[in-house]
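Visitor: requesting a structural model of the entry that follows:
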Amino acid sequence: MKNEIIGKNRSDSIIKYVGTGMRILVVIVSLIMIYWYIDSRFIGFGNVVGVLFFSAAAGCAVFYNYIKKFISMLRRKKGGKTVVGIVLVLIGLFLAYVVCALGLMFYGSGKTPEKGATVVVLGCEVRGEEPSRTLRNRLDAAYAHLTENPDAKAVLSGGQGDNENISEAECMYRYLTEKGIDKDRLYKEDKSSTTYENIKFTREIIKNNSLSEDIAIVTDWYHEYRASLIAKRQGVKNVGAVGAPTETYVTANLVTREIFALAKELIFPD
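Guide: You can find the predicted model right below:
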C-alpha cells in the first residue's frame, strides 16, 4: 500500500513537472514569435493577428491554473460543459487548419512546371515606376526560369494601383527586357487587381496568342498553392510553381495573412 502511494506521488510529480515544462516552452515560443512579428517593423493584418494569437497563447500558459479553475467552475453551471466543449473543439480545429494550411503552402511551392509551360508572373507593388523589393524578387525568379527555358513565353500580369505611376505589367516588362529577355517572349496583362483576375485575364491572352495552356506561376512561395487552386478552378489542368523568396521582415505578416486568405478561398471561392 505504501509503495502504491509513493508510486502515485511520483507519477503526479512527473506529470506536474512535464506540464510546467510544456507551459514554459509555450511561453518561450510565443515570445520568440511575438518578437519576430514586432521586429519586422511592418504593420499589417497578419502581424496584428499573429501578435494577438501568440500573446493569448502565452497568457494561457502563464495563467493556466486560474483558467483551469474558471473552466472547472463553468463546467458545473448549466450548459457550461457544452460551451467549454464547443470552444475547445473550435480551437482544435483552428490549430489543425493552420498546420494543414502551412503544409499546403509548402506543397504548392514545390510543384515542378511542365516543360514549355507559359510563365505567369503575378504582379506586386510598384513604387512610382520601380518594382518593390517583393516584385523584384519575383522578376529575378522569372528571369532565371526564362533563361533556363529559352523557348518559354511569359505573361506579365498586374494592373495599375492608385499609388503607381505605371501598371505592374509595364514595370515587369521594362525590368525583364532591360535584363535581356526578348520582348517577343513577353505579353502584358494590365487589367487585373486580384489573383483571380490575374489568372482570368492571363488565360484570355494565352488563348488569343496560342500559347501553352500549361502554366508556371511566378509568385512568393507561400502564395503558390492558393494561386494554383484558383487557376485549376478556372480550368487550367497543369499548374507548376516558380517560387520567389520572400523578404524576411515581411514573411511573418504575409504568411499569417495568407492562412486566412486561403481559408476564404476554400470556403468562399471567387
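
Visitor: confirm G110 sits in a helix?
Guide: No: checked against DSSP: H, G, I helix; E, B strand; the rest coil, G110 lies outside a helix; its state is coil.

Visitor: neighbours of the closest residue to it other than its chain neighbours, how many?
Guide: The spatially closest residue to G110, leaving aside those adjacent along the chain, is A241, at 6.7 Å (Cβ to Cβ, 6 or more residues apart in numbering). C-betas here are computed from N, CA, C, even on glycine. Using other Cβ atoms under 10 Å, the number of residues around A241 comes to 22.

Visitor: could you pull up the residues touching A241?
Guide: Applying Cβ atoms under 8 Å, 6 or more residues apart in numbering to A241 gives the contacts G108, S109, G110, K111, T112, P113, A216, I217, W221, E224, S228.

Visitor: of those, grab the buried ones for PyMOL.
Guide: A single PyMOL command selects the buried members of those (16 or more other Cβ atoms under 10 Å):
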select buried, resi 108+109+111+113+216+217+221+224+228
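
Visitor: name the nearest of the contacts of A241 relative to R76.
Guide: Set against R76, the nearest of the contacts of A241 by Cβ to Cβ is G108 (46.7 Å).

Visitor: once you drop chain neighbours, what's closest to that closest one?
Guide: Y225 (2.7 Å).

Visitor: and for the one you found, the neighbour number?
Guide: Neighbours around Y225, by other Cβ under 10 Å: 24.

Visitor: coming back round to it: hey, what's the residue nearest to G110 bridged with?
Guide: Under DSSP bridges, the beta-bridge partners of A241 are I217.

Visitor: okay, it: pLDDT?
Guide: With respect to pLDDT, A241 scores 97.

Visitor: and it, how far from M105?
Guide: 11 Å (Cβ to Cβ, to the nearest Å).

Visitor: what do those two both touch?
Guide: What both A241 and M105 touch, as defined by Cβ under 8 Å, 6+ apart, is the set W221, E224.

Visitor: may I ask which helix or strand encompasses A227?
Guide: Assigning secondary structure by DSSP states H and E places A227 in helix 224-233.

Visitor: I meant A142, not that one.
Guide: helix 133-148.

Visitor: what distance separates that helix from the middle of the whole chain?
Guide: 19 Å (Cα atoms, centre = their mean, to the nearest Å).

Visitor: kindly export it (C-alpha atoms) in CSV.
Guide: What follows is helix 133-148, C-alpha atoms only, in CSV (Å, rounded to 0.1, in the frame of the first residue of the first chain):
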residue,chain,number,x,y,z
ARG,A,133,11.6,44.5,-53.4
THR,A,134,9.0,41.8,-53.4
LEU,A,135,8.2,42.3,-57.1
ARG,A,136,11.9,42.4,-57.9
ASN,A,137,12.4,39.0,-56.3
ARG,A,138,9.6,37.6,-58.4
LEU,A,139,11.1,39.1,-61.5
ASP,A,140,14.5,37.7,-60.7
ALA,A,141,12.9,34.3,-60.3
ALA,A,142,11.1,34.7,-63.6
TYR,A,143,14.3,35.8,-65.3
ALA,A,144,16.2,32.8,-64.1
HIS,A,145,13.4,30.5,-65.3
LEU,A,146,13.1,32.2,-68.7
THR,A,147,16.9,32.0,-69.1
GLU,A,148,16.9,28.3,-68.4
